[in-house]
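Asks: Pasting the sequence and the predicted model now:
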Amino acid sequence: MAAMHETADGLGPAELAAWRGMLRAQGSLLHDMDAELTAAHGLALRSYEVLLHLQEAPRRRLRMSDLSRCALLSASGVSRLVDRLEREGLVRRERCSADGRGYWAVLTARGEMKFGEARTTHLAGVRRLFLRHFTGDDLARLADYWERLLPGATRPVVPPDGDGDCG
């Protein structure tokens with residue numbers, strides 16, 4: 001792909017605008033959605049995402065290593081977040097029977113209720129802050145762009161079956 005009229009920093013104006021726009025749009029959307037969820041439910045967006053992955057997982061549990069991959073967090077980052085969610089009674093850890101060193105993160109009844117309460121706010125925010133700006137064709141085109149950038153990016157995260165060894 002050829003740069004169009006390269007700037008001093010090595011990117012053409014269209015390239016720089018596309019890159020900056022993506023970063024700023026993502027940052028703004030995440031900030032606004034986080035603020036809405038926190039104000040309405042006392043639940044940060046990252047916490048909501050973890051509850052979402054656990055809610056979708058078989059038996060409402062994921063290995064900590066799998067949760068880290070699903071939530072796009074480092075192992076230490078997901079561990080700190082699960083610590084916080086555990087203190088709030090939204091998640092609990094269970095030692096894996098097959099591997100005494102591994103743990104499951106398990107969604108509690110309280111966590112499932114909190115997730116359910118926050119889901120309406122989250123979906124309304126996705127629609128208002130993002131989806132309403134695009135037609136169906138625009139959204140299909142965006143999905144195609146994300147797939148070009150990162151194959152598999154638009155597919156749902158498929159958690160393991162919730163049985164077997166922990167990692």
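Replies: Cool, got the structure.

Asks: I'd like to know how many residues surround Ala25.
Replies: When counting by other Cβ atoms under 10 Å, one arrives at 13 neighbours for Ala25. Heads up, the C-betas are built off the backbone N, CA and C, glycines and all.

Asks: Would you mind giving me the confidence score for it?
Replies: Listed pLDDT for Ala25 reads 96.

Asks: Gly102 reaches Arg93, doesn't it?
Replies: No. Counting by Cβ atoms under 8 Å, Gly102 stays clear of Arg93, with 10.1 Å between them.

Asks: Tally up the residues packed near Leu54, please.
Replies: Using other Cβ under 10 Å, Leu54 has 28 neighbouring residues.

Asks: That one: which element?
Replies: Applying DSSP states H and E as the criterion places Leu54 in helix 45-56.

Asks: Who are the packing partners of that helix?
Replies: helix 13-41, strand 61-63, helix 64-71, helix 75-87, strand 91-95, strand 103-107, helix 109-129 (3 or more Cβ pairs under 8 Å, 6 or more residues apart in numbering; DSSP states H and E).
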